[in-house]
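Asks: give me the fold of what follows.
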Amino acid sequence: MESLTQKTADFVGIAVHCAQGMSSICARSVANLPDEPDGYTGFQALYGHKYVAPLINGGSTTMIDLLGGTFSGFPGFDGMFPKITGAYVAKMLEAGIQVVYGYVSDAHDKHPSGPGSAGYVAQLKEYEQGFAAFFKELTAHGIDETNTLFVITADEGDHFTGVTKTGCDGVTTPCVYGTDEIGEVLVRVDLLLNEAGITTPFGIHFDMAPAYYLNGNPSETDPVTRNFERALAQLTIADPYLGEEEVPLSVGLADRASMKLLHIVSGDPLRTPTVVSWNEPNAWVQTIGTAGINPAFA
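Replies: As a prediction, this is how the structure comes out:
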């Protein structure tokens with residue numbers, strides 16, 4: 001049996017969705033998921049490094065990253081540096097895949113530190129090298145701004161959560177952060193709701209904008225739902241970066257009617273949250289762990 005790590009390396013993170021026809025890159029592969037409930041009529045796709053890499057990389061599952069290293073599988077979402085993502089994207093474009101989307105991990109993922117810190121500065125330097133190598137690689141294959149549209153955007157619009165350092169610039173003097181000076185404010189929302197008298201069981205997507213799913217899937221007009229939403233809207237937290245000032249946990253809420261207006265309702269009613277909360281910007285909400293500053297995420 002494959003380990004979870006091997007399954008991630010083989011099957012997660014990388015995919016190619018193909019058009020029909022013998023010219024399609026998928027037509028050159030026998031990759032299949034035999035347990036797909038509705039079959040594959042009218043649809044072709046490759047899922048995972050195991051099946052994608054050989055078709056864009058000369059038959060080999062071992063790829064060379066843009067800075068000269070090698071990798072033999074998807075490295076995980078926190079390991080998608082420009083040198084890795086750029087290698088995948090470049091190989092796909094060079095193989096004739098016309099539309100490619102790529103994800104680049106946060107520059108601070110491997111260095112939970114703030115602006116000007118030595119690790120963060122070194123990581124940014126590697127990112128610059130990776131992006132430069134990406135465009136150089138494509139240019140060598142005749143792919144550039146004259147025939148290709150490149151769009152780069154932000155995923156979550158994150159901001160740095162920590163104290164503002166003075167007397168350092170990251171160039172001549174590195175900035176050094178203590179564990180109590182950097183990191184998201186981890187909030188145990190389940191405990192806060194219990195203190196507010198809410199005992200309704202719920203599931204939650206841990207996040208800065210968490211989605212809440214009330215057990216039993218009550219409607220948006222159900223009193224259980226309304227009481228939960230009202231209590232959630234009234235929760236406050238002490239933000240250490242604001243001098244322990246009590247601030248609202250939620251700066252915005254969206255019930256299902258609001259989600260429909262925002263076009264974030266899927267075709268499956270069971271996947272639609274009961275309510276979504278946009279947190280105070282420094283706060284990360286979950287239902288496990290210890291409340292307080294989490295230095296692992298800046």
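Asks: C-alpha only now, for contacts and for neighbours.
Replies: Will do.
Asks: residue ranges for the strands of the stretch 1-150 of the chain, please.
Replies: Using DSSP state E, counting those that start in this stretch, the strands of the stretch 1-150 of the chain run over 15-18, 44-47, 63-64, 70-71.
Asks: before we move on, what about the stretch 151-298 of the chain?
Replies: Assigned by DSSP E, counting those that start in this stretch, the stretch 151-298 of the chain shows strands spanning 184-188, 202-204, 211-214, 236-239, 245-248, 250-254, 275-279, 283-286, 292-294.
Asks: ok, S105 - contacts?
Replies: The contact partners of S105, by CA atoms under 8 Å, 6 or more residues apart in numbering, come to 77-81.
Asks: and the strands of the stretch 1-150 of the chain, which one is worst for confidence?
Replies: For the strands of the stretch 1-150 of the chain, mean pLDDT drops lowest on strand 44-47, to a mean of 84.
Asks: show me the contacts for S113.
Replies: Here S113 is in contact with 119-120, 177, 182, 295, 298 (criterion: CA under 8 Å, 6+ apart).
Asks: surely N57 meets D65?
Replies: No - between N57 and D65 there is no contact under CA atoms under 8 Å: 11.6 Å.
Asks: if we can go back for a sec, just send the strands of the stretch 151-298 of the chain back as TSV, with mean pLDDT too.
Replies: Shown next, in TSV, are these (pLDDT from 0 to 100):
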stretch	mean pLDDT
strand 184-188	94
strand 202-204	96
strand 211-214	96
strand 236-239	93
strand 245-248	88
strand 250-254	95
strand 275-279	95
strand 283-286	95
strand 292-294	90
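Asks: need the ones you listed in JSON lines (columns: distance to I264).
Replies: Listed next are the strands of the stretch 151-298 of the chain as JSON lines, based on distance: least, CA to CA, whole Å:
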{"stretch": "strand 184-188", "distance to I264": "25"}
{"stretch": "strand 202-204", "distance to I264": "17"}
{"stretch": "strand 211-214", "distance to I264": "11"}
{"stretch": "strand 236-239", "distance to I264": "26"}
{"stretch": "strand 245-248", "distance to I264": "24"}
{"stretch": "strand 250-254", "distance to I264": "10"}
{"stretch": "strand 275-279", "distance to I264": "11"}
{"stretch": "strand 283-286", "distance to I264": "20"}
{"stretch": "strand 292-294", "distance to I264": "29"}
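Asks: can I get those in TSV with mean neighbour count and distance to E94?
Replies: Shown next, in TSV, are the strands of the stretch 151-298 of the chain (neighbours: other CA atoms under 10 Å; distance: least, CA to CA, whole Å):
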stretch	mean neighbour count	distance to E94
strand 184-188	23	40
strand 202-204	15	41
strand 211-214	20	39
strand 236-239	18	49
strand 245-248	14	50
strand 250-254	17	43
strand 275-279	21	40
strand 283-286	22	40
strand 292-294	21	42
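Asks: what's the closest of these to P223?
Replies: strand 211-214 (12.0 Å; CA to CA).
Asks: parallel or antiparallel, which strands does the closest one pair with?
Replies: With DSSP bridges as the test, strand 211-214 is paired with strand 202-204 (antiparallel), strand 275-279 (antiparallel).
Asks: what does it rub up against?
Replies: Strand 211-214 is contacted from outside by 200-205, 225, 273-277, using CA under 8 Å, 6+ apart.
Asks: of these, closest to P248?
Replies: Using CA to CA, the shortest approach to P248 within the contacts of strand 211-214 belongs to S277, at 11.3 Å.
Asks: does that closest one touch A209 like I think?
Replies: Yes - with contacts counted by CA under 8 Å, S277 reaches A209, the gap being 5.4 Å.
Asks: break the chain into its domains for me.
Replies: In terms of domains, the chain is parsed into 4-140, 184-294 (source: automatic domain parsing).
Asks: and the pLDDT at T200?
Replies: At T200, the predicted lDDT confidence score is 95.
Asks: and it, how many neighbours does it have?
Replies: 15 (other CA atoms under 10 Å).
Asks: quick one: contacts for it?
Replies: By CA under 8 Å, 6+ apart, T200 lies in contact with 214-215, 224, 228.
Asks: please tell me how far it sits from V189.
Replies: As defined by CA to CA, to the nearest Å, T200 lies at a distance of 13 Å from V189.
Asks: could I get the strands of the stretch 1-150 of the chain as JSON lines with distance to A254 and mean neighbour count?
Replies: Converted to JSON lines, the strands of the stretch 1-150 of the chain look like this (distance: least, CA to CA, whole Å; neighbours: other CA atoms under 10 Å):
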{"stretch": "strand 15-18", "distance to A254": "32", "mean neighbour count": "16"}
{"stretch": "strand 44-47", "distance to A254": "34", "mean neighbour count": "20"}
{"stretch": "strand 63-64", "distance to A254": "44", "mean neighbour count": "19"}
{"stretch": "strand 70-71", "distance to A254": "42", "mean neighbour count": "12"}
